[in-house]
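Asker: Build me a model:
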Amino acid sequence: MTRNYSATAQDTTLTNPLTNSATTMVVAATTGYPSTPFVLAVDYNASAEELVLVTNVSGLTLTIQRQFNGTAAQAHAVGAVVRHVITAQDLTDAAAHQAASSGVHGVTGSVVGTTDTQVLTHKDLTSSTNTFPSTLGNTFTVNAQTGTTYTLASTDVNNLVTASNASAITVTIPASVFTVGQSVNVVQLGAGQVSFAAGSGATVYSTPGLKLRAQYSIATVACIATNTFLLVGDLTA
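Answerer: Coordinates of the predicted model:
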C-alpha cells in the first residue's frame, strides 16, 4: 500500500481517550498532515506507543487502522502525544522494491534494464522523431567475395554479399541453413555475371531467371518455407 508523508506535520495530542478497539480518534490539531493514508505514532516514544494507519480525516476526527506494522493495540489517555512518523515497514518496502525484478513501479512482469541483455516481446516502440538508433538493425555487414563460387552461410542473414570477379560467379543457395523469414542480399560488383544455383535439397523460385542482369545489379534471397527460397531483384534469364 502506498503511504503519504509530510515534512511539516506537527506533533499533536489526543483530546479524547482511545480504547484498544476504537477505529477513530480525536486529536487537537492536524497541522501539516499529508493526504491519507499516512502513519501516526500514538503515545510517541513511550512504552505504550502504537502505530496506526490513518485512512480518513474529517476535521479533527481520524479513522484509523490499529496494530500497524506489528504494534499492539492499546488504550491511550487524553494528552497522549501523537506524531507523524516513518516506520520500519516503509524501509522494508523500499528495500524489497529495490531488490525486486518484477511487479515493481506498477509493472507486470520483468523490468526492462538499460544495460541488460534481455529478450523483449509484445513491445510497441515509438519515437517523437520517428527514428531509432542504428543498433536497432539499420546497419549490415558486407561479406566481400572475390572468387568464382560462393555458398551462402548463416552469417550472411540480413547482410550484403558482394561478388566481384572478371569471370562468371556462381552463388549457391544451400538447404538446412536458413529459417523461414531470413534473407540475404547479393550484389554483382565485378564484370563477371552472378548466377544463383539451388543446393542439394533446396528449391529456388525466380522470375525471369537466376542471374543478375548486369554489374551493380542486386537481388534478395528470401527463405519463404523450409529449404524453399524466392529470388527477387534485378534479374535476367
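Asker: Next one: Arg213 relative to Ile169, how far apart?
Answerer: The gap separating Arg213 from Ile169 is 14 Å, by CB to CB, to the nearest Å. Placement of C-beta: from N, CA and C, glycine included.
Asker: Give me the more crowded residue out of the two.
Answerer: Each of Arg213 and Ile169 has its neighbours counted (other CB atoms under 10 Å); Ile169 has more, 24 against 18.
Asker: Could you tell me what pLDDT the model assigned to the more buried one?
Answerer: pLDDT recorded at Ile169 is 98.
Asker: What of Ser134?
Answerer: Ser134 carries a pLDDT value of 53.
Asker: List the buried residues for the worst-scoring helix or strand of the chain on mean pLDDT?
Answerer: Ranked by mean pLDDT, DSSP states H and E, the helix or strand of the chain with the weakest confidence is helix 88-99, at a mean of 86. Neighbour counts over helix 88-99 (16 or more other CB atoms under 10 Å) mark Gln89 as buried.
Asker: Show residues contacting it.
Answerer: Arg3, Val39, Phe68, Asn69, Val104 (CB atoms under 8 Å, 6 or more residues apart in numbering).
Asker: Among the residues you listed, which are located in helices?
Answerer: Using DSSP state H, no member of those falls in helices.
Asker: domain parsing for this structure?
Answerer: 12-90, 136-236 (automatic domain parsing).
Asker: Is it possible to get JSON lines of those domains that adds distance to Ala99?
Answerer: Shown next, in JSON lines, are the domains of the chain (distance: least, CB to CB, whole Å):
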{"stretch": "domain 12-90", "distance to Ala99": "15"}
{"stretch": "domain 136-236", "distance to Ala99": "31"}
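Asker: how far away is Leu62 from Thr36?
Answerer: Taking CB to CB as the measure, Leu62 falls 9 Å from Thr36.
Asker: If you count surrounding residues, which of these two has more?
Answerer: Neighbour totals were compared for Leu62 and Thr36, and Leu62 leads with 22 against 14 (other CB under 10 Å).
Asker: neighbouring strands for the host helix or strand of that one, and are they parallel or not?
Answerer: Using DSSP states H and E, Leu62 maps to strand 61-65. Neighbouring strands of strand 61-65 in its sheet, by DSSP bridges, are strand 24-26 (antiparallel), strand 50-58 (antiparallel).
Asker: following that strand, which helix or strand shows up next?
Answerer: Counting by DSSP H and E, the next helix or strand C-terminal to strand 61-65 is strand 81-84.
Asker: Listing partners with orientation, what would you give for that next one?
Answerer: In the sheet, strand 81-84 lines up with strand 12-13 (antiparallel), strand 38-42 (antiparallel) (DSSP bridges).
Asker: Any buried residues in the last one, and which?
Answerer: Read that as strand 38-42. Of the residues in strand 38-42, Phe38, Val39, Leu40, Ala41, Val42 count as buried by neighbour count, 16+ other CB under 10 Å.
Asker: could those residues go into JSON lines alongside distance to Val177?
Answerer: What follows is those, written out as JSON lines (distance: CB to CB, whole Å):
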{"residue": "Phe38", "distance to Val177": "64"}
{"residue": "Val39", "distance to Val177": "64"}
{"residue": "Leu40", "distance to Val177": "70"}
{"residue": "Ala41", "distance to Val177": "70"}
{"residue": "Val42", "distance to Val177": "74"}
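Asker: Show me the shaky parts of the protein.
Answerer: Along the chain, segments meeting pLDDT under 70 span 102-113, 124-138.
Asker: measure the residue of the chain most remote from its centre to Ala28 for me?
Answerer: No residue in the chain sits farther from the centre than Val78, which is 53.0 Å out by CA atoms, centre = their mean. With distances taken as CB to CB, Val78 is found 10 Å from Ala28.
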